[in-house]
Structure formats: structure tokens, C-alpha cells
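>>> Got a predicted model here, sequence first, then my questions.
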Amino acid sequence: MTGAKLQVENHDFLVGPWHKKWFVPDKKRAEQKVSGKKASSNLLETFVYRMSSLRNRNQATRCPVLKISNLEFTRLTYSLPEFRKLKDFWNLWTSLNRPTLFVIECEDTKDILAIDTQGFDYARYKAPCKKADLNL
């Protein structure tokens, strides 16, 4: 994605529950490599049972969507890297004045994950999310 145009959209999302300093243990990462799945798909399987709790929510959160490469999406979802170590993500995030609440989207798989930094330069909180259908 280096040198790619900045891709940012704003959407309404149903988000939660939030998980503080969540990461994928080394054993689970190794299993994912053996299975041949993309990391983002494996992550969503971990969160999928929690999505049912979103059905009862009636408020949506509006936040920017940062479209990033599978490599950077994987690093953000599986571990707690400092944002400055992810060159393309860092450039996009800082160009938006470092929002504290945003959604990342994998360019390859279209998987999404909400992040709340709470003012830090890493993903302090992560949560499953889905686009809100406000026409209900």
C-alpha cells in the first residue's frame, strides 16, 4: 500500500463489546499459519459469537474507516504494535489528526475492527463491529 492514496470514509457502526489490550496468543497465531487462513478472517471467528450482543443496541457510533493492507491489519488485530511502526497506517492516522475512535478495514478481505486508543499510540481497546443499518 506504500504510496497509495489515502482511503478514508465515515460510517455508522454498532460496536462492542470492547476488549482492553487484546491480542492473539502465539499458539493461536501458529494454528492460523498452518490453516492457511488470512489472519483477519481468523480474528473475526474469535469475535463472531460476541456480535449477537450488538443486535439489542439502538445507537450507532459514527467514525472514520481507515482502509489498510492485510499485513498492517493483521499486526493491528493480532498484537499491540505502536502505530508509528506501521508506516502506511501511521501516515493515514496522523493525517486525520489521530482520532481516538476509528474502524480499520482490511483491503483484501474487507474485514473490519473498531479501535479506541484512549489517547495512546496503540490499539488500547478493540471491538467487533458492523455497519449500522439506520433504515430499520
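Structure's in. What do you need? Numbering: from 1, shown residues only.
>>> What mean pLDDT does the helix or strand that contains residue 74 get?
Here residue 74, judged by DSSP states H and E, is contained in helix 70-78. Averaging pLDDT along helix 70-78 gives 90.
>>> what are the ranges of the helices in this structure?
26-35, 39-47, 70-78, 87-95 (DSSP state H).
>>> The first one versus helix 70-78: what angle between them?
When axes from the mean of the first three to the mean of the last three C-alpha atoms, to 10 degrees is applied, the directions of helix 26-35 and helix 70-78 differ by 150 degrees.
>>> And helix 26-35, how far out from the chain middle?
19 Å (C-alpha atoms, centre = their mean, to the nearest Å).
>>> CA atoms of that helix as PDB?
What follows is helix 26-35, C-alpha atoms only, in PDB (Å, rounded to 0.1, in the frame of the first residue of the first chain):
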ATOM      1  CA  ASP A  26       1.400 -17.200  19.800                       C
ATOM      2  CA  LYS A  27      -0.200 -20.700  19.800                       C
ATOM      3  CA  LYS A  28      -3.300 -19.300  18.100                       C
ATOM      4  CA  ARG A  29      -1.100 -17.500  15.500                       C
ATOM      5  CA  ALA A  30       0.800 -20.700  14.700                       C
ATOM      6  CA  GLU A  31      -2.500 -22.500  14.200                       C
ATOM      7  CA  GLN A  32      -3.700 -19.800  11.900                       C
ATOM      8  CA  LYS A  33      -0.500 -20.100   9.800                       C
ATOM      9  CA  VAL A  34      -1.000 -23.900   9.500                       C
ATOM     10  CA  SER A  35      -4.600 -23.500   8.400                       C
END
